[in-house]
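Chemist: Sequence first, predicted coordinates after that:
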Amino acid sequence: MQKSWWKILCVLLLGYSIVGGFLFTAPHLPIIHETIRNLYFHVPMWFSMMTMFTVSLVYSIKYLRSNNLKDDLFAVQFINIGLLFGTLGLITGMEWANFTWGEPWSNDPKQLGAALSMLTYFAYIALRGSIADYDKKAKISAVYNIFAFALMIPFIWILPSLADSLHPGSGGNAGFNAYDLDNHMRLVFYPAVIGWILMGVWISSLMIRLNLIDKKDIFNEEQNLKNQFDITL
Amino acid sequence: MKNKTSKINSISLCKYLLTLLLFLPFLGHAQQNVEMADAFRSNGKIYVVVLVICTIFAGIILFLVFLERKIKRLERNQLN
């Protein structure tokens, strides 16, 4: 992961999406007007959050199989950065809603679902803070992470589409496809999504490396214990 | 007799009018002019916004690159 080509790709894609997002043609829509360009910046936040949480789930399952504290560290840092993106997604969504729905928070099912799943993941962080023992902390939070992921999917994807929501793509409202009459928006939207996901992985990898240095005593101790165990066997 | 035909005529007229009414929403939609920031664009001032955001983006990327360098140095020190 220390190779740099994908970081350069991330910068190029994001730079292109910022310039293209402001300058390329956008569909003329009532009420929304130029704010349709928010699509290039608000929606990729949620795509990145979903990706970070999915990667974290994989590492939590990996931890339960291997009992290696490094896998636990990966899971935590990916959730931290996922929460960062989720918070940004929630704030940008409220800013956009203020000008198109009339108020920042209208208790819309999509807003509630997003807030609930964020709270579920904040509870993961709180749960970790409440257990002192490293192995116990890692094991309990790994199990909780699987539970949290299974809650997030209905909160964000299923429940809002069953209820009446103002948010595009749910409750009989037209989704992204309906705005995208001439495919112009896809040319900017997909690079933006890939770019922001790469950005999330980049920041997560930096956090992981920083924590590996910071907590090297724990990881070294674990390695030593394993070695001793192998020798005595 | 005359009365009856005029009644039929008025009914068919009503039908035509109603059919026309059906198309009203579409006509209204076609005439609707959605206001966009075209003046901002033609004045060239949108480029100022793009420049400002690109500067902020470049700053954040530079920060990440420097942070990564620092972590790399720490990792090297740890090995020694």
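Modeler: Cool, got the structure.
Chemist: Burial check on residue 64, number of neighbours?
Modeler: The chain I'm using is chain A. Other residues near residue A:64 come to 16 when the count uses other CB atoms under 10 Å in any protein chain shown. Heads up, the C-betas are built off the backbone N, CA and C, glycines and all.
Chemist: you looked at the wrong chain, it should be chain B
Modeler: 17.
Chemist: If we ignore the residues flanking it in sequence, what's nearest it?
Modeler: Spatially, and ignoring its direct neighbours in sequence, residue B:64 is nearest to residue A:202 (6.7 Å; CB to CB, 6 or more residues apart in numbering or on different chains).
Chemist: Just list the residues touching that neighbour, thanks.
Modeler: Residues near residue A:202 by CB atoms under 8 Å, 6 or more residues apart in numbering or on different chains: A:6-7, A:10, B:64.
Chemist: let's go with 10 Å and repeat that
Modeler: Residues in contact with residue A:202 (CB atoms under 10 Å, 6 or more residues apart in numbering or on different chains) are A:1, A:4, A:6-7, A:10-11, A:81, B:61, B:64, B:68.
Chemist: same thing with residue A:28?
Modeler: The contact partners of residue A:28, taken as CB under 10 Å, 6+ apart, are A:34, A:36, B:32-36, B:38.
Chemist: Then residue A:144?
Modeler: By CB under 10 Å, 6+ apart, the neighbours of residue A:144 are A:60, A:120-121, A:123-124, A:127-128.
Chemist: Those residues, buried ones only, as a PyMOL selection?
Modeler: Only the buried entries of the contacts of residue A:144 go into this PyMOL selection, using 16 or more other CB atoms under 10 Å in any protein chain shown:
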select buried, chain A and resi 60+120+121+124+128
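Chemist: Quickly name whichever of the contacts of residue A:144 is closest to residue A:146.
Modeler: Taking CB to CB as the measure, residue A:146 sits nearest to residue A:60 out of the contacts of residue A:144, at 6.2 Å.
Chemist: my read: the closest one touches residue A:142, true?
Modeler: Yes. Residue A:60 is in contact with residue A:142 according to CB atoms under 10 Å; the separation is 4.0 Å.
Chemist: anything in contact with each of those two?
Modeler: Residues touching both residue A:60 and residue A:142 (CB under 10 Å, 6+ apart) are A:71-72, A:75-76, A:124.
Chemist: mind putting those residues in JSON lines, pLDDT and distance to residue A:163 included?
Modeler: Output for the shared contacts of residue A:60 and residue A:142, formatted as JSON lines (pLDDT from 0 to 100; distance: CB to CB, whole Å):
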{"residue": "A:71", "pLDDT": "95", "distance to residue A:163": "37"}
{"residue": "A:72", "pLDDT": "96", "distance to residue A:163": "36"}
{"residue": "A:75", "pLDDT": "97", "distance to residue A:163": "31"}
{"residue": "A:76", "pLDDT": "97", "distance to residue A:163": "33"}
{"residue": "A:124", "pLDDT": "97", "distance to residue A:163": "26"}
